[in-house]
Every structure is written in structure tokens, then in C-alpha cells.
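J.: test case, fold it:
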Amino acid sequence: MGQLYYGDNLYVLRESIKDESVDLIYLDPPFNSKRDYNLLFKSPKGVTSEAQIEAFEDTWHWNEQAEREFDEIIHGKNTDLARMMTAMRSFLGENDMMAYLTMMANRLIELHRVLKTTGSLYLHCDPTASHYLKIVLDAVFGKEFFLSEVVWKRTSSHNSANRYGPSHDIIFFYSKTEDFVWNPLFGEYDQTYVDAFFTHIDEKGRRWRRTDLTGPGVRKGDSGKPWKGYDPTARNRHWQPASYFYDKYKELSNGDDLAKYDLLTRFDKLESVGLIHWPERAGGMPQGRRLLEDALGTPLQDVWTDVKIMHNLAEERLGYPTQKPLALLERIISASSNEGDVVLDPFCGCGTAVHAAQKLKRDWIGIDITHLAISLIEKRLKDAFGEACKFDVHGTPKDLDSARDLAHRDKYQFQWWAVSLVEAQPFQGKKKGADGDIDGIKYFRDIDRKEARKIVVSVKGGGLKADDVRALNHVREREGAEIGLFISLEQPTAGMVKDAASAGLYTSGNEKMKVPRIQLLTIDGLLSGTQRAQHPDYLPDMNFKKAGKESNAQQKELL
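T.: Numbers count the residues shown, from 1 in each chain. Next comes the predicted model:
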């Protein structure tokens, strides 16, 4: 089962993730780009999306929290990291970049702790801070465990004044020890390579190339003896057929094992199944035949230009500002983990890494600091894999007391979470007055399906006022919305119930459904399932883009 956590990943890692319990870590943290990313939601055709919200603030500042985390590093067990961070602070000063690197360093310490000895880590970043992050990674993991710096072409082109257009991201690849999981990946050969080397065609029309059957240096024993008059030692070499010929012989001989024969007999066996090529020129050494259809391809290099960029993947795009292609994560997870392994993404955003892990039959752990991300991932996994995808969600309110606690700690996170309970879009961001007294937007279609109808949502985490319901109805009328949902922690008063009833009923197009224009919903009622938003819904999934269903997703067995 997957595990999805809401909260600061530093504390989730420390409190909930055991030492050496994770096989692979992928993290795509904020890039310190000094931008506030807006999350754009789906809206009906012809309707401008009003519901955009700050998915996260991609900016860090030197403050008390940064000072505390820096102090933890300085007094921690990793003295190399402490010295390096001290030197970096002396060089950079107490600024936004130093705050960002301090945040990352503290979390990388915890990620190193939870990683198994056979595990590895991929850190996705861009040139804004990649040079500093590599130094931090060297200090945490050890420079000897740096494996690759992958360059991924993330966009086709960028117009940029007085410099080359920035079109790539960086992915750093580190292992915890020398004994790490590695499944080599291969890409298709370039056609020019095929034309240059696979120049022969056999009687079945298959392309093949000649390949050496010897290795450098003279050796004693069978590998240095002549075979059919050909002496490898005359060329300062010895017989050494590649493993390909053992596998291919086994295939062609119905399972016979080439290794059970002495070395020179092996060549007789290879010749008997047509795997030996005799050069036409006199004195030419016998060579092996390697079929193109058996070639694995070109080993994957550290520059990736073959993964489609997001704006070409309309079917995948969920509207999340920093979403990465599923193929990118599938490649990483396939190369550095096996089925049943645990994949961790501590900045899981819209959940591409956990989606890929689920698809590739890995266990997974996802962590994010916004309820918005958690609710998007829940929906994404259910859309893609159905009820067969089982996962636990930690940190989100499960009862009234925990809901009150969230409202007390962070009113915006509470509002976004409450809005998700009625499957509405959070509206606008944290700027005072920007929401126009609206916390959420939802669209529905009636039976006529001619145009989308709007629902406005208001969330109250504190004390209720006598005119709250009347104010919502005023907003509903102002916005041209058919229905208003009033969500509160406290039970509405008798006066509020009367005000809601006075707003009247919305009648569906076929007059078979009549629902209150103002609906009073409590957190307790929504959590218990005794209450829900009431409205026609003839075209569902109007409010969030729906992830495509995975073809290999297991379905519930029909009874």
C-alpha cells in the first residue's frame, strides 16, 4: 500500500520514516526561482478559469526557521556538511539562496538516513542553484557516490535576451554505497549506426553484423589454443566469445547449455547453428554473427532529449505548474529499483512519481506540505487505477478535533482542505480581499447540458456571524451562481438556517430535482458522510482534469 503524508517533509521523515527503509528517492523540490506558481484548474469551455491558487511559494527567506535549521546542521553528526555550510554562509551571506540551501541540506540528511545501502537518490533541479546543490549532495552522500549529472531537455525553446535560451533541467544521481540497484536502460540505435555496422543480411532477411570472438592478451589453456587452424595468440589475443553467443546458442539449440562444453567445442557448437562467420579474405579470423533483432540498443546516456516535454503531453497535463512527464519518472524508477521496492518522493506535488511507482508495481511514499497537492494526488490515483489502488493518507483531518487544529494552525490550508470535501476548486490565493469572499468554485451541468452552472463555496473555520449566510447569498447573486455552499466547523444557528431557506430552491431542467440554493454543510457532516453537496451532475469531472486510466491497472473482481 502507498503512504501519502500531509506536512513538512522534514518532520514527516523524522517522525514516520524508519532508517534504511527506502530503495529509491526522487525529489523535485522548489527551485528557488523567486516565482509564485499558480495552479490553473479546469473550467468549462468558454469560461475563463477564475480558480487559480498559489500551489506553493517558490521563494525562501533567511528568518528564524532558517537560523534554527542551520544550527541543527552545524551541531549535527556530519562534520563535513557543517564545515561546508559554514563556508557557504560566509560566501553567500544570510540571504534567500542560503535559506534555500539550508532547507535542502537538512532534508538531504534525513533522506540519506532513510535510504537503504542498496538505494539511490535523484535530485531534480535547474541551473538556478544546481551548482550549490551538488556541493551539498557531495557533503551529505560523499563525492565518491556521485554517479551522473543528467541533462533533461524540458522545453523546445526559450526566448531569452542576451544569453542562450534556458531549455534544460539537471537531475543529480547519487548512490548510498557502491552496492546499488542498477538496471541498464537502452535506446534505439540511430539509423546511420545501423546502416554502417549491420551491413549483412542472412537467408531469412535479418540484418546482422560481424563481431570479434577474441579478447586482448595471450592466455594459457583452451582460450589460447588454435581452432580450425586459427591461432589467436599470433595476434596477441585469446578466444573470448561474448555472453550474447551463449544466450543465442541456448535459444537456437532448444535449451542446450554452451558452457558445459570445453572452449573449443563451444566454437563447433556455435558454427553448427550458424553463429560463426568465415571471412572471404585469406587468413581472416573467424568472427561471430550478431543479429540486429537481438541488439539491446545504445546504452542510455546522460543527456535526455527523447522524453516528450509537458506541453506536448496534453493527455497528461493536470494543470500543476511544475508537473513532470510520467515517462521521465518511469525511466528513473525502472533503472534504479525493482518490483516491490519502496519509492519515496518528499516533494510530491501532483504525484507523478507516485503514479509511476504504482504503475510499475512499486510501493511508494509521497509527502507534500499543501492539502491541495494531497487532494490532487488522491484524485489522480483513483482516476488512473480505480479502487484497486490502495493507499493511506496521513496528516489530513479525520475528525472534528483534528479539523479544528488545522484551522487554528493554518486557515488557508484548512480552507483548501474543506473545499476538497465537496470536490470544488480552491479560489484565488492568500492575498487579503483577493477571493471576494469566495473560498471555492465548482461547476456542474444540468440535464439540458447547454451551459455550465456555477457553485460558490464559503468556508468558516472560526466563529460564525449572524449575517454569514446572507453574505454568501449576496455573493452567489453577484457571481451569477446557482448554488452556494456554506461549510463551517460549528453548527449553524437557527437564524442562519432560516436565512438559507429564504434563498429558495434551484430546480433542475427536468424539474425532477430541487435543491436549496444555499446549502449549510458542517465539517462533521461531510467527514461522517451524513451530508454532501446537492446538485445535478450530468457531466462529471468538470472541475479537475482527469488522469487517464492505466491499461495495466487491476480492476476489482466482479461478483
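J.: who's in contact with residue 395?
T.: With contacts defined as C-beta atoms under 8 Å, 6 or more residues apart in numbering, residue 395 is in contact with 5, 6, 7, 12, 374. Glycine gets a C-beta too; all of them are placed from N, C-alpha and C.
J.: tell me which helix or strand the first one sits in.
T.: Element membership for residue 5 (DSSP states H and E) is strand 2-6.
J.: the helix or strand just after that strand packs against which elements?
T.: Going down the chain from strand 2-6, the next helix or strand is helix 9-16, by DSSP H and E. When contacts are defined as 3 or more C-beta pairs under 8 Å, 6 or more residues apart in numbering; DSSP states H and E, helix 9-16 packs onto helix 96-114, strand 363-368.
J.: okay, buried residues for stretch 220-237 please.
T.: Buried residues in stretch 220-237, defined by neighbour count with 16 or more other C-beta atoms under 10 Å: 223, 224, 225, 227, 230, 232, 233, 237.
J.: pick the one among those residues closest to residue 116.
T.: Distance from residue 116 was checked for each of the buried residues of stretch 220-237 by C-beta to C-beta. The minimum falls on residue 223, at 39.3 Å.
J.: does the closest one touch residue 241 like I think?
T.: No: Residue 223 is not in contact with residue 241 according to C-beta atoms under 8 Å; the separation is 9.9 Å.
J.: contacting residues for the residue sitting nearest the centre point of the chain?
T.: Averaging the C-alpha coordinates of the chain gives a centre point, and the residue nearest to it by C-alpha atoms, centre = their mean is residue 353 (2.3 Å). The neighbours of residue 353, taking C-beta under 8 Å, 6+ apart as the test, are 26, 28, 329, 333, 343, 345, 364, 366.
J.: let's see 7 Å
T.: Going by C-beta atoms under 7 Å, 6 or more residues apart in numbering, residue 353 touches 26, 329, 343, 345.
J.: ok so, going back, who wins on neighbours among the contacts of residue 395?
T.: The member of those surrounded by the most neighbours (other C-beta atoms under 10 Å) is residue 374, with 27 neighbours in all.
J.: what about that residue, distance to residue 400?
T.: Counting by C-beta to C-beta, to the nearest Å, the gap from residue 374 to residue 400 is 19 Å.
J.: ok, residue 158 next?
T.: Between residue 158 and residue 400 the computed distance is 49 Å (C-beta to C-beta).
J.: these two: who's more crowded?
T.: Neighbours of residue 158 and residue 400, each counted by other C-beta under 10 Å, are more numerous for residue 400; the result is 15 against 11.
J.: let's have the contacts of residue 395 in CSV, adding pLDDT and distance to residue 519.
T.: CSV is the format used below for these (pLDDT from 0 to 100; distance: C-beta to C-beta, whole Å):
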residue, pLDDT, distance to residue 519
5, 94, 32
6, 90, 27
7, 88, 31
12, 94, 35
374, 88, 25
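J.: pLDDT wise, what is residue 308 at?
T.: According to the model's per-residue confidence, residue 308 sits at a pLDDT of 83.
J.: which residue comes closest to it once chain neighbours are left out?
T.: Ranked by C-beta to C-beta, 6 or more residues apart in numbering and with sequence neighbours excluded, the top spatial neighbour of residue 308 is residue 325, at 6.0 Å.
J.: helix or strand: which one has residue 121?
T.: Element membership for residue 121, per DSSP H and E: strand 115-125.
J.: what helices or strands is that strand leaning on?
T.: If you count contacts as 3 or more C-beta pairs under 7 Å, 6 or more residues apart in numbering; DSSP states H and E, strand 115-125 packs onto strand 22-27, helix 130-141, strand 168-175.
J.: pretty sure residue 173 contacts residue 152?
T.: No: taking C-beta atoms under 7 Å as the definition, residue 173 is not a contact partner of residue 152, at 11.7 Å.
J.: could you list the domains of this structure?
T.: 2-59+115-185+300-395, 191-294, 401-528 (automatic domain parsing).
J.: distance to residue 77 for those domains - can I get that in TSV?
T.: What follows is those, written out as TSV (distance: least, C-beta to C-beta, whole Å):
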stretch	distance to residue 77
domain 2-59+115-185+300-395	11
domain 191-294	44
domain 401-528	31
